[in-house]
Each structure stands twice: as structure tokens, then as C-alpha cells.
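# Return a 3D structure for these sequence lines:
(2 chains, ligands or ions: 1)
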Amino acid sequence: MTKKIVILLMDIQDDTEAALSMTAAVDHPLLTLLEASLHKQLAALNIITGKLSTNGPTSLDDLKDEYTIMFHANEVSNPFFESWKRATEWLEWQSRGLAEQMEPLIRNMKKNLEAAGAELENMYGHEAVKFVVPSFYLPATTREG
Amino acid sequence: MAWKSERVDQNIYSQGEVDRWVYSTCNICSVGCGCHIAVKDEKIVGIKGNKDHPINRGRLGPKGENQWYANNAPDRLTTPLIRDANGTLQPASWDEAMELIVSKAKQSLREKGHNSICIYSTGQGFLEDYYTIAKIGRAGLQTHLLDANTRLCTATTEFCLLQSFGADGAPASFEDVDETETLILFGHNVAETGTVLFERIMERKKRTGKPYIMVVDPRKTLTAKEADLHLQLYPATNVPLLNGMIRELIYNGAIDKSFIEAHTIGFEKMKDSVEEWTLEKTVQTTGIPLETLVTAINQIAKTPSLVTTTLQGVYQSAEATTACVAVNNLHLLRGLIGKPGSGPLHMAGQPSSSANRTAGGVGTYPAHRNPTNEAHIREMAELWNVEMNRLPAGPEKGIEDIISMIEREEVDFFWNIGTNPMVSLPNRRRAKRALEKTFVVVQDPFLTETSSVADVILPVALWGEKEGTMENGDRTINVLRKAVEPPAGVKSDFEVLLDFARRMELMDKDGQPLIGYQTPEECFDEFKRISKGRPCDMTGITYERLEQLNGMRWPVPDDKSTGTPRLYSDFRFHTKVDDAQSFTKDQLTGRALSKKEFEDMGADGRAIFHPTVYLRPYEEPNQRYPMWLTTGRLVWHWHTRTKTARAPMLHMAAQHAYVEINTEDAQQLGIVEGEVVRLSSPRGEIEVPARIGEMVKKGLIFVPFHFGNWNKKEAANELTNDFVDPLSKQPTFKQSVCKIEKIRDRYAISQNESLESIAEQYGLTVQDLLAANQKADPYELQIGEMIEIPLSIINVPLQPYMPYREKM
Ligand code: SF4
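Numbering: from 1, shown residues only, chains lettered A, B, ... in the order given. Model prediction:
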């Protein structure tokens, strides 16, 4: 299970780095916000993958804070991207191509984080991850009872 | 002190004496004026101000006086409607409508899970409705998608208070407005949005010369005209202005060092964030003359007391929460909070939007509980007697996030209660396309523009036809008694919600009905228990006491207390980890901080200075769209006019949308007064008459947002962008780009034709024709010359409403 999550997180790491390398060339306040949140996500990812690769399976408590930061940084980054994409359609035509290139990365990050959320829930149980993984990154129906 | 004397305003239309007067509260704006409803033959026939209510001492504004006409409007809905296979809304029974709603809700839960259901409510309902929505939504449906029209109006109030002080609730109240030496009305056009509060301010001003009034607004509003100092700044420059002021106060040593040391954290980081905002840079960015700026700073530096109110000019502008946090910083810096006549007073817009936040129907959990704090969710689970894993956790979503989720087909059920998003949401065409894709329930007394996307419509009671409480902009809880029965076939929102819970068989963990109460008062009693020990403690409130005392400001911790006029008078803030309503958000990106990050901040009961970094607006005028568009309110109407358009006097006073254009811009474009012009933005276009003058600065235009009929091209939200503030997720209605175009025919003057005959042919005056062609004299026009003919001219006279001038 830990292996699966490490693979997912490394994918997200790669996508985050790729997205960040694209934003540098354009100056727009929404990209400033997107960059700031992706940097935070990446910093948390680096710590998590570093610890998981060196120490192997850990208790959730060891990485709780980093996981929380990673998910919540991603949660704010998505609307920034969507807003910026709309802005490129309205006014910043020259950046439209860049938004289109970046979109698969942003979607992939979200998809992989949802998979990571489900994996963490499998590993540690719903109650344990409830305050770590935002509601929208957990599988749709898990709260019977 | 408030109001030297009473003055009972009333508006009754009745043959003979009324049968009874029923205790109530105005249901229009967040001032919360006390009133009595006139009843004759079991019909509402009028209203009068409550002379004993401290908020208004009998006074009412034009909207308040005229709100009751809607109750008797002939087009009230009196039966549910269901859209048939041909797309037509057909009358249905309550059973049919409710069963359809319940089956769709169950289907959505089954197929897409809990977060596929959204309840989007209002700021015009009652606390008991909101609390019931919170309980049904969170513990019953287990959805995290509870939002409301309050997102468009007061979300920023909540999030700026959470950031700085740890919990919601305006620190100062109207009593502080009565005492303060200096009042800053920041983006708050109180003369039009809260007329009675404005009158209260001006009554004291005329009597005593106090307070010194400073208005920050890019428009020369009715409020600005009465100010001692008007800071007419460029759009989207609230943060630069505040940063410039704060830097100067720090540099001049006009700060309360001992207060900062004892009661705050984060001063140094905040100081660094304003460092670049020299006076020169502030003047250049805001467009405020140096002398005016220095006068403002000197006044703030020397004033012994200060109240700053904020409203949509801040909340609906770029960097909304950061600007409001900067206002909080300003007060903390000077130690002007928790003292008589001092404190930020972040206002609300609607009459009970604050109640929705307090009750947890929107934003955080009921009674200021933090959705990211395990201890708070556990406590809620115990109070509601449900398993903790039923209750969704984490930061909330705003309506624009929800629109995106609907576009991605993640939301299958959208329950719209008491609001008209098809007029009030920004970029409304996008919102319409989204809502057309999902099942929409609309709960409203009337057919509104939102009916166009409804699958089911439920007819509900209006003010005066139901009982409950509201919370106004300064934490006052008021009660509203039921004056008459609603029309046959109509239910209250509260009854609909209880019926839904029963049909859904929502249970607690012992198999008992989740909603155990039957009446609004029983519901309020439950909420009181939920609020015990929280910042909004209402333990000492009863409906009876509310009526006896004419409202009470929370907290009211026991039955001896008569309420709390001012928060934080002990300088202890709600920032202890298990007290805080939020672990706060990153001030730049809005990311919800983890518990550990919040603990590491170490506020522990002290207020928090946050850095206030300036970011350019997300959209700025350019070659294609060279103008700024700002939208806003008129004194005559409320929101989308569902009620005010049904009051003859209000309707007659302002029947159309229009655009305010600066004289210089109008001259450059050759636009004449009243000429219908086309305004377009990347989102859409409208065609409205021009009102030319000095209300707006060059480069800026203003369109009131109240008008949204699908058959007319006048909805401001056809033009607005749908960007939101990162922290409060409130849309930036105040700053979109647009362009103005004339709509004209070209006409060649032929022989034997006079300017008079051409003007007559088009229903214009000669003066209009001359002005449209930028000619001073008819003789400047020659036979054969092509002239431009404005296709339509509509004069839009608007009477300013300033009662204090005549009646005081
Ligand atoms: S100021 Fe507001 S609450 Fe008072 S009468 Fe006017 S609309 Fe009603």
C-alpha cells in the first residue's frame, strides 16, 4: 500500500514541477496565486516522499501535517487554474495555448490526489483521515452510519 | 447617543382602523429596524416603525415602508409547479412535488454520493431555517455543499473576522457608531443601502458636528456627498490605500505599542508587507491626491475613537478579505477595538445573512464551530446525536466552486431557497448553462428569473406570514411574529424543510427523527443549547425577551444578560486552538491552515496581524475593453427586486437599469443624456440608457444590478466576470472590463428637410440630435451631410432619498 501511494505522490510531484516550470514565463495575478499554492503542495510532497522512501511505512501522525498541507494546497490551486483559464479565453489570448498545455497536468494532479485520498482512507480508516483529506478528495460514499 | 427623539414612520392602505398591529422586524436590509405590521381582515395592510426599538426609534426607509405590498401581489405562487416532459411548468400538489424532490435527492445520493447535493439558501430567511438547513444538510444528507446568496454579500465579513480575531461577529456595534469621534465608511454607501442607519449617523452629525466622516468610494455616492473627506480612489485599490495608511501610521509612531505587544501577534510580518507603500506610491496607485491622503492619515492618527464600517465596495472588490484584514490591522495598530466608540464594524447586506453564518447554514458549523477541528465536529456529533463520521469536515465551497462542480457533472441536485441567482450571480449566462444541466428546486413566493432553470418550484410564505428570528449587521437578534396566515396552498420554508426531513426519514443514531422540533421556537431553543459556551452564546435569549427588550446582541450567556454591545472589551480574542472558528487561511492563497500551523502561530487568545500583500486585479481595462465596470445598488430597490418591484412606489421610482458615465467620457464618445448605449464585456452585452455626470470618475461606469428580466437586455451580470476572492470566495462584482458603443442609424439630410422634421421623425429633440453629432448649432449641418441618429433615448430620472433633510 505504501508503495502504491509513493508512486501516486511521485507522479503528482512530477506534474507539479512540470506545471510550475510553465507558469514562470507569464505574469498574471491568478498565476501568482497558482504558483504559490503549487509551491506549497510541492514542498509538502517532497517531505512526504522523502520520508516514505527512506523510512518505509509510517504512522499517519508522522506525516499528518504534510498531507493536510498537500491536499489543501491542491484544493485552492484548482479554482485559480480554472479562473486563469477563463481569463485567457476572455483577454489573455496569448496565454491560451499555455493554459491548454497545463490543463492535463492540473487534472492529473487532482485525479492522483483523489486516488491518494482513497488509499490513505484504506490504510488508516475514515476517521483518521477525515481532517487530513478534504471531503472532496475522498470516495463519494463512505460515510454510512 | 442614539436618536434624540422618536419618529414613527408608517405606510398603511386601509379603509378604517386596522384590526391589530403585530410585532416584527424589517426584512429588507441588515440594519434590522423594528416595526409593527398592520393587519385588517386577516390581510397585511401596512407597516409602522417601532418607536421603542433602539435601532430605529420608529423610523423606516423607503424599502422598509413598502415591503408589505409584495405580500398582496396578485402573482403570488399558490401551488407547487413541476416541469413536464415538454419543458412547461405545470401545477402539482405538495405531495407530488415533495415526492419528486425526495426521489431525486435519494437518486443523487445513491449515484454520486453525499457531495452531489447542494443547498443554496439566502440571507432573507430566519435563523431557524438556516439552522435546520445546517442540520439536514450536514447530519442528514451529509453534504459539504451548503452555500447561500450570502456568499455574494457577506462572506468576506466572516472570513476577515476569522483571520484576525478567530471568530465571526462584528466587534463594534451601532452604539459605537453613536459614540465614535471618527467614522470611516469604507466602500459602504449607507445612504442607499441602510437608509435608517445613515439617518442615525446624520442626525447626530447635524446635532453635534460629530463624528468626522470619511468615505472611501470610487463613486461620488449620496453618502460621499455628506462626508467630511471623500477618498475617491481608483477601482481595485483598497489594499494599496490601507497599506499606505498603515505604513505612514507606523512611521509616524501613531501606534499603540503596548496594546500591540500585549494583545496581538504578527506585527513584524504585517509591517514588512506594507513597507513598499510609500505616500508617493499610494497616491500614484489609488489616484487620491496627496493632501487628501495625508488629511485622512492625520485624522486616523489623532482620533481617540474610530469605527470603520465596510460593505460591498470592499467585499465585492479585488482582494476583498485582505482589504478587510487591513482594516482590522489598522484598528489593532491603534488599539482601537473593544473600547467605547471603537472597532471594525464589517456590515452585512441582507437582513439575516449574519444569522445564516451564525446558524451554520453557510460557511462553518453551527454556533461558530470549526469544520477542520476534530473536537468541534465531535461535539456537534454529540449534540446532534449522530455518528461523527456522518459529518463532513474541512473547508467549505463557495457558489462559484459549486458552479464548476455542476459543469463537471458532480452535482445532481441543487436546492435554491429564497434567492434569485439568475440575476444575482456574476457571468450569469455561464451559471444558467450549468444549472440547466442539473435538477433544480426553486423555493420562492414568486416566479423569478431563476424559475427558468427550475424543475420544481415550491411556493413559500413571505415576511409577516411566519415566525422566527433574524440577526442584523451588528449581532442584534430580533424576533418577527406571524401577522397573518400565508395564502392558501403556501407553506413556510421551515415547514418545507421539516417535511423534507420526514419524507427522507432522516434519523439520529438512536433511530429517532433527526429533526425533533416542530415549531420555530422549539428550533430556537435547540439552537440555544448548541450555542452555549460559543462566541454567539444565546442561552439567555427567548422570543419573549426579544420582544420585551427590542432585540439583543449576542453573546447573551444567561437570563440576566441583556446582550453585549461590543466584543473584545477584555482584549481576549477567540484564537485559542479549541475556541477558534477556523485555523485561519493563508492570507495570500486562502489555503486552510492545518491545526499544527495554527498552533505554531501561537496566537493563544491574542488578535492576529496578517500581512496584506497587494496583487493586481485579475482583469484590467485594455485596448479592446477600455473601461472599468462597477455594479451596485439603488436606494429604491433590494437585490433582484422580487419584493421591491411589486411595491408601486419603488417600482415607479426606478424602473430601468441605466449606466452612469462620466461627463468627459460621454463627451468624447458623443453620447447624449438618456441615449441607449451598448455595453459589452467578454461575457455578454446589454443595452441601457446613459446617465451622464460626475458620480463616477473618468474611465469608470456604473450599472445597478437589480434588473435582470430575460426579455430585456439590462442585466449587469451579463457583463461581470466570475472571479472570486481567494479567502472568502466572494465574487468581484465591482471590477470587470467593458466597452461602450453607440447604437445609431446614419441619415443623409436631404433638401427640404429641417433638423426639426428629422428629430420629430425619430422621436428626438433637436438638442438631442445636435449633441449626438457634437454640433452646437443647427446651421453647422449641411444638406447632403450624413448625421447619426440615436436609436433610442430614455430619460431615467432618479429621486435621491434623503429624508433627514426634510424631517429632522
Ligand atoms: S434601513 Fe433597512 S432595516 Fe431599516 S427600514 Fe430600511 S430597509 Fe428596513
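# which bits of chain A sit near chain B?
A:28-30, A:32-33, A:36-37, A:40, A:64-65, A:68-69, A:72-73, A:75-76, A:79-80, A:82-83, A:86-87, A:89-91, A:126-127, A:130-131, A:134-136, A:139-141, A:143, A:145 (Cβ under 8 Å from any Cβ of the partner chain). Where C-beta positions appear, they are placed from N, C-alpha and C, glycine not excepted.
# Can you say which of those are buried?
A:28-30, A:32-33, A:36-37, A:40, A:64-65, A:68-69, A:72-73, A:75-76, A:79-80, A:82-83, A:86-87, A:90-91, A:126, A:130-131, A:134-136, A:143 (16 or more other Cβ atoms under 10 Å in any protein chain shown).
# Just the ones of the residues you listed in helices?
A:29-30, A:32-33, A:36-37, A:40, A:64-65, A:68-69, A:72-73, A:75-76, A:79-80, A:82-83, A:86-87, A:90, A:126 (DSSP state H).
# How about the contacts made by the residue sitting nearest the centre point of chain A?
By Cα atoms, centre = their mean, the mean C-alpha position of chain A lies nearest to A:Asn74, the distance being 4.0 Å. With Cβ atoms under 8 Å, 6 or more residues apart in numbering or on different chains as the criterion, the residues that contact A:Asn74 are A:37, A:41, A:109-110, A:113, A:137.
# what do you get for B:His376?
Taking Cβ under 8 Å, 6+ apart as the test, what B:His376 contacts is B:365, B:369-370, B:578.
# As TSV, those with distance to B:Ile530, pLDDT and secondary structure would be great.
Below are the contacts of B:His376 laid out as TSV (distance: Cβ to Cβ, whole Å; pLDDT from 0 to 100; DSSP: H, G, I helix; E, B strand; the rest coil):
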residue	distance to B:Ile530	pLDDT	secondary structure
B:Tyr365	9	97	strand
B:Arg369	9	98	strand
B:Asn370	14	98	coil
B:Asp578	16	96	coil
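# List buried residues within those residues.
Using 16+ other Cβ under 10 Å, the buried ones in the contacts of B:His376 are B:365, B:369-370.
# contacting residues around the residue in the stretch 201-350 of chain B that chain A sits nearest to?
Among all residues of the stretch 201-350 of chain B, B:Ala318 sits closest to chain A, at 8.5 Å; criterion: Cβ to the nearest Cβ. With contact taken as Cβ under 8 Å, 6+ apart, B:Ala318 is in contact with B:236, B:238-239, B:615, B:617-618, B:732, B:734-735.
# give me that answer again for 6 Å
B:236, B:617, B:732, B:735 (Cβ atoms under 6 Å, 6 or more residues apart in numbering or on different chains).
# Which strand or helix spans it?
For B:Ala318, there is no enclosing helix or strand under DSSP states H and E.
# B:Ser680: what's its closest spatial neighbour, skipping adjacent residues?
B:Lys739 (5.8 Å; Cβ to Cβ, 6 or more residues apart in numbering or on different chains).
# what about the one you found, how many neighbours?
B:Lys739 sits with 18 neighbouring residues when counted by other Cβ atoms under 10 Å in any protein chain shown.
# For B:Val190, list the residues it contacts.
Here B:Val190 is in contact with B:197-198, B:223 (Cβ under 6 Å, 6+ apart).
# again, only using 8 Å
B:Val190 neighbours (Cβ under 8 Å, 6+ apart): B:197-198, B:201, B:223, B:309, B:311.
# now swap in B:Phe598 and tell me
B:Phe598 neighbours (Cβ under 8 Å, 6+ apart): B:577, B:580, B:583-584.
# Correct me if wrong: B:His473 contacts B:Ser30.
If you look again at residue B:473, you'll see it is Gly, not His. Yes. Between B:Gly473 and B:Ser30 there is a contact under Cβ atoms under 8 Å: 3.7 Å.
# Now the common contact residues for the two.
B:194, B:347-348, B:354.
# The ligand next: which of the residues you listed are close?
Filtering the shared contacts of B:Gly473 and B:Ser30 for proximity to the ligand (criterion: Cβ under 6 Å from any ligand atom) leaves B:Gly194.
# quick one: which of the shared contacts of B:Gly473 and B:Ser30 sit in helices?
Filtering these for helices - DSSP H - leaves B:Ser354.
# ok, the shared contacts of B:Gly473 and B:Ser30 vs the ligand, which is closest?
Within the shared contacts of B:Gly473 and B:Ser30, proximity to the ligand (Cβ to the nearest ligand atom) peaks at B:Gly194, which comes in at 4.9 Å.
# Please tell me the pLDDT value assigned to that closest one.
In this model, B:Gly194 is scored at 94, pLDDT.
# do A:Glu100 as well
94.
# swap in the one 3 residues further on?
A:Glu103 is assigned 97 on the pLDDT scale.
# now it, nearest residue through space, not along the chain?
A:Lys85 (6.9 Å).
# what sits against the closest residue to B:Gly602 other than its chain neighbours?
Excluding the flanking residues, the one nearest B:Gly602 by Cβ to Cβ, 6+ apart is B:Ile265, at 6.3 Å. Neighbouring residues of B:Ile265 by Cβ under 8 Å, 6+ apart: B:601-603, B:606-609.
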